[in-house]
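**Student:** Starting from these lines, generate the structure:
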Amino acid sequence: HVESAWKDINEAFLRPTPARVSVLTRILNLSRVIDVLYSEEDGYTHSTRRTKDIVTCMLINPVEI
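**Tutor:** A predicted model of the protein is given here:
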């Protein structure tokens, strides 16, 4: 059901709305963070496991483009 929820979020993001895009982008990014933190385990409580690896990959050792 998570996949269908992401589809709904992405479709809603593309529809015209009176809300500012900057606000919608922040909400979308918060949803992404929550998905990463809680998709497999409680990444907030157990942050020294998977969450630490993800943050290290993204901020300490980023992929150069």
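
**Student:** buried stuff in the longest helix along the chain?
**Tutor:** Criterion DSSP state H: the longest helix present in the chain is helix 21-38. Neighbour-count burial for helix 21-38 flags Leu37 (criterion: 16 or more other CB atoms under 10 Å). From N, CA and C alone the C-beta is placed, and that goes for glycine too.

**Student:** Past that helix, which element shows up next along the chain?
**Tutor:** As assigned by DSSP states H and E, the chain's next helix or strand after helix 21-38 is helix 50-55.

**Student:** now what about that next one, what contacts it?
**Tutor:** Val36, Leu37, Glu40, Glu41, Gly43, Tyr44 (CB atoms under 8 Å, 6 or more residues apart in numbering).

**Student:** related to what we said a few turns ago, tell me what the longest helix of the chain is packed against?
**Tutor:** Judged by 3 or more CB pairs under 8 Å, 6 or more residues apart in numbering; DSSP states H and E, helix 21-38 is in contact with helix 2-14, helix 50-55.

**Student:** Show me the one of these that comes nearest Asn61.
**Tutor:** Shortest separation from Asn61 across the helices and strands packed on helix 21-38 is recorded for helix 50-55, at 10.3 Å, computed as CB to CB.

**Student:** buried residues in that closest one?
**Tutor:** Arg50, Thr51.

**Student:** tell me how far that helix is from the chain's mean position?
**Tutor:** 13 Å (CA atoms, centre = their mean, to the nearest Å).

**Student:** Output the lowest mean pLDDT helix or strand found in the protein.
**Tutor:** Taking mean pLDDT, DSSP states H and E as the measure, the helix or strand of the chain with the lowest value is helix 2-14, at a mean of 83.
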